[in-house]
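**Student:** Sequence and predicted structure below; questions after.
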Amino acid sequence: MASINSNETGIKPILDACCGSRMMWFDKQNPLAVFADSRSESHTLCDGRVLHINPDVQHDFRNMDFADESFNLVCFDPPHLVHAGEKSWLGKKYGVLSGDWQDDIKQGFAECFRVLKPFGTLVFKWSDEQINTSEALKLTPHKPLFGHRRGKTVFLVFMKA
């Protein structure tokens with residue numbers, strides 16, 4: 001894998017590794033962030049709204065093309081659904097995990113920590129809709145510092161020691 005070196009290219013300090021339509025961002029064009037996703041597509045949802053997934057970088061979060069220790073902050077909001085219909089608006093908004101979702105999430109955590117600078121922060125967002133957060137956390141040796149739950153959605157904060 002050829003790596004992009006942050007010192008040579010002036011990469012921004014924040015990576016959103018699975019940005020989707022940037023729903024969690026207040027500023028969806030934040031100039032400090034690199035928005036990345038495996039998908040680049042648009043959909044009209046059942047209520048007529050248009051959903052745009054338009055990343056700056058198209059990549060697989062399990063094998064990112066960034067140099068080690070490139071970012072101060074990494075947002076990891078991977079797909080959390082394993083079952084979604086072909087026309088499901090949830091599947092279109094959030095994406096769908098493959099059959100081997102445990103390996104996907106394990107590789108994703110490893111990649112996010114690889115591209116994170118020492119003492120950098122990883123924010124992990126997950127939904128307990130189909131897979132409990134505790135099952136996802138078994139897939140990384142890193143332990144969260146703190147977090148917040150609202151309904152089925154969980155935000156957890158890690159630091160790369």
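**Tutor:** Perfect, thanks for sending it. Residues are numbered from 1 along each chain as shown.

**Student:** so what does the longest strand along the chain touch, helix or strand wise?
**Tutor:** Taking DSSP state E as the criterion, the chain has its longest strand at strand 116-127. If contacts are counted by 3 or more C-beta pairs under 8 Å, 6 or more residues apart in numbering; DSSP states H and E, strand 116-127 sits against strand 71-76, helix 101-115, helix 133-137, strand 153-159. Placement of C-beta: from N, CA and C, glycine included.

**Student:** Deepest in the core, which of those is it.
**Tutor:** strand 71-76 (a mean of 22; mean count of other C-beta atoms under 10 Å).

**Student:** tilt between that one and helix 101-115?
**Tutor:** Counting by axes from the mean of the first three to the mean of the last three C-alpha atoms, to 10 degrees, strand 71-76 lies at 170 degrees to helix 101-115.

**Student:** Show me what strand 71-76 pairs with in its sheet, parallel or antiparallel.
**Tutor:** strand 14-16 (parallel), strand 116-127 (parallel) (DSSP bridges).

**Student:** wait, which of those is closest to Trp89?
**Tutor:** strand 116-127 (14.5 Å; C-beta to C-beta).

**Student:** I'd like the mean pLDDT over that closest one, please.
**Tutor:** Averaging pLDDT along strand 116-127 yields 98.

**Student:** Of the strands paired with strand 71-76, flag the one that's most buried.
**Tutor:** The most buried one of those (mean count of other C-beta under 10 Å) is strand 14-16, showing a mean of 25.

**Student:** and it, how far out from the chain's middle?
**Tutor:** 9 Å (C-alpha atoms, centre = their mean, to the nearest Å).

**Student:** After it, which helix or strand is next?
**Tutor:** Counting by DSSP states H and E, the next helix or strand C-terminal to strand 14-16 is strand 33-37.

**Student:** any idea of the angle that following strand forms with strand 71-76?
**Tutor:** Using the same axes, to 10 degrees: strand 33-37 against strand 71-76 is 40 degrees.

**Student:** What lies in contact with strand 33-37?
**Tutor:** With contact meaning C-beta atoms under 8 Å, 6 or more residues apart in numbering, strand 33-37 is reached by 11-12, 14-20, 22, 25, 53, 55-59, 61, 64, 71.

**Student:** Buried among those? Need that as a selection in PyMOL.
**Tutor:** Here is the PyMOL command that selects the buried residues among the contacts of strand 33-37 (16 or more other C-beta atoms under 10 Å):
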select buried, resi 11+12+14+15+16+17+18+19+20+22+53+55+57+59+61+64+71
